[in-house]
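1. output the structure for:
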Amino acid sequence: MSAPAIEVRGLRKSYRGRSGDTVVLDGVDLTVPAGHVAALLGPNGAGKTTTVHILSTLLRPDGGTAVVDGHDVVRDPDGVRAAIGLTGQFSAVDGLLTGEENLVLMGRLRHLGTARARARAAELLEQLDLVGSTRTPLATWSGGMRRRLDLAMTLVTRPRVLFLDEPTTGLDPRSRRTIWDLVRGLVAGGTTVLLTTQYLAEADELADQVVVLDGGRVVADGTPEELKRLVPGGHLRLRFADGAVLAAAAAQLRGSTPDTDALTLTVPSAGGVRPLRAVLDRLDAAGLEVDDLSTHSPDLDDVFLALTGRPQPQEDRS
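-> Residues are numbered from 1 along each chain as shown. Alright, predicted model coming up:
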């Protein structure tokens, strides 16, 4: 088996203030296989951005180890920097230059040479749907366009590990989908992606692995589906033609909850086809017909609430 793209053990970080030390990371363990997308979730102050900054060598840890693409972030920061790309929460492009000029400048700084830098800039502008604004000053660009250019700047040299710190914050749905498609393409080509996001649907859509941080510790780590199975609350909702059928169905299905006004019956379910078939077979054997049904499975919002004790905030900058 190939070595993990990211390997973190016992990572610690504190900040000293007037009232004493504030612990931001308290023994974080994290393993991300090569070619996977891992999403870091957590409330404000959980340590997500601090983790990304340590892994990208912007911060030095107080303790523990972190290895990225085979390079230790403390002993070999240059090796880490050569392997990674980083898009932070805020735009880092030069507003006095055009989009094309920003990308060509980045390419030359990364030693691509003028011709290769121009070719790569054209390729990225096409991928991120920015061709129509190639030669216009960035002062005329929307926030979403500048965000996409930020990502393009990161991809000039095709990093093996890509850190995305809230990459789609503030983007419209179309721009967000463009970023998602680009991330999928990068991963298909072997790039490893670690992202923080305030959109739980984004983590559900993109991530092979979801890591939930709370209070500087990892409180859950698994695939989206594995994390959803940690949370109770899945159910079937069955609707019937009249109250008599509803009452008869409730008698057949112990633990169910009838709603006589809506003529619906809520039945706890672990999800999947087998429990649904079992419920329908039992009602069919009793001669009871279901007019309509819907299913509800716990989503990452439910997981986040259960693990952290609070809903995912709309703005999460930690």
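
2. quick check: pLDDT value at Gln314.
-> Listed pLDDT for Gln314 reads 48.

3. also the one 4 residues further on?
-> Each residue has a pLDDT score; the one for Ser318 is 43.

4. buried ones in the helix or strand where Ala247 lies?
-> For Ala247, the element it lies in under DSSP states H and E is helix 243-252. Buried residues in helix 243-252, counted by 16 or more other C-beta atoms under 10 Å: 245-246, 249-250. All C-beta atoms are positioned from the backbone trio N, CA, C, and that covers glycine.

5. which two in the residues you listed are spaced the farthest apart?
-> Maximum pairwise distance among the buried residues of helix 243-252 (C-beta to C-beta): 9.8 Å, between Val245 and Ala250.

6. and the nearest residue to Ser256 once chain neighbours are set aside, how many neighbours?
-> Counting by C-beta to C-beta, 6 or more residues apart in numbering, Ser256 lies nearest to Val267, which is 4.6 Å off, once chain neighbours are set aside. Residues contacting Val267 under the criterion other C-beta atoms under 10 Å number 22.

7. quick one on the thing from earlier: pLDDT of the helix holding Ala247, averaged?
-> pLDDT averaged over helix 243-252 gives 94.

8. what lies in contact with the next helix or strand after it?
-> Counting by DSSP H and E, the next helix or strand C-terminal to helix 243-252 is strand 257-259. Strand 257-259 is contacted from outside by 246-247, 249-250, 264-266, using C-beta atoms under 8 Å, 6 or more residues apart in numbering.

9. at 7 Å instead, please
-> If you take C-beta atoms under 7 Å, 6 or more residues apart in numbering as the criterion, strand 257-259 is touched by 246, 250, 265-266.

10. just stretch 151-159 next, same as before
-> Contacts to stretch 151-159, defined as C-beta under 7 Å, 6+ apart, come from residues 83-87, 93, 102-103, 106-107, 110, 120, 124-125, 128, 162, 167, 179, 191.

11. which helix or strand in this structure has the lowest average pLDDT?
-> helix 300-308 (a mean of 80; mean pLDDT, DSSP states H and E).

12. contacts for that helix?
-> With C-beta under 7 Å, 6+ apart as the test, helix 300-308 has contacts from 41, 43, 200, 203-204, 210, 212, 214, 219-220, 224, 227-228, 230-231, 233, 311-312.

13. in strands only, show me those residues.
-> The strands, defined by DSSP state E, take in 41, 210, 212, 214, 219-220 from the contacts of helix 300-308.

14. select only the buried ones of these in ChimeraX?
-> Listed next is the ChimeraX selection for buried residues among these, using 16+ other C-beta under 10 Å:
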select :41,210,212,214,220
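
15. biggest separation within the ones in strands among the contacts of helix 300-308, which pair?
-> Maximum pairwise distance in those, criterion C-beta to C-beta, is 13.1 Å, between Val210 and Asp214.

16. quick revisit: what packs against the helix holding Ala247?
-> strand 264-268, helix 273-285 (3 or more C-beta pairs under 7 Å, 6 or more residues apart in numbering; DSSP states H and E).

17. buried residues in stretch 175-190?
-> Quick answer for stretch 175-190 (16+ other C-beta under 10 Å): 175-176, 178-179, 182-183, 186-187.

18. what do you get for stretch 24-33?
-> Under the neighbour-count criterion of 16+ other C-beta under 10 Å, stretch 24-33 has 24-26, 28, 30, 32 buried.

19. in helices, which of these fall?
-> Assignment to helices by DSSP state H places none of these there.

20. and those as JSON lines, adding pLDDT and distance to Leu283?
-> JSON lines is the format used below for the buried residues of stretch 24-33 (pLDDT from 0 to 100; distance: C-beta to C-beta, whole Å):
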{"residue": "Val24", "pLDDT": "92", "distance to Leu283": "53"}
{"residue": "Leu25", "pLDDT": "95", "distance to Leu283": "52"}
{"residue": "Asp26", "pLDDT": "94", "distance to Leu283": "51"}
{"residue": "Val28", "pLDDT": "96", "distance to Leu283": "48"}
{"residue": "Leu30", "pLDDT": "96", "distance to Leu283": "46"}
{"residue": "Val32", "pLDDT": "96", "distance to Leu283": "45"}
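
21. could the residues you listed go into JSON lines alongside distance to Arg116?
-> Converted to JSON lines, those look like this (distance: C-beta to C-beta, whole Å):
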{"residue": "Val24", "distance to Arg116": "40"}
{"residue": "Leu25", "distance to Arg116": "39"}
{"residue": "Asp26", "distance to Arg116": "44"}
{"residue": "Val28", "distance to Arg116": "38"}
{"residue": "Leu30", "distance to Arg116": "35"}
{"residue": "Val32", "distance to Arg116": "30"}
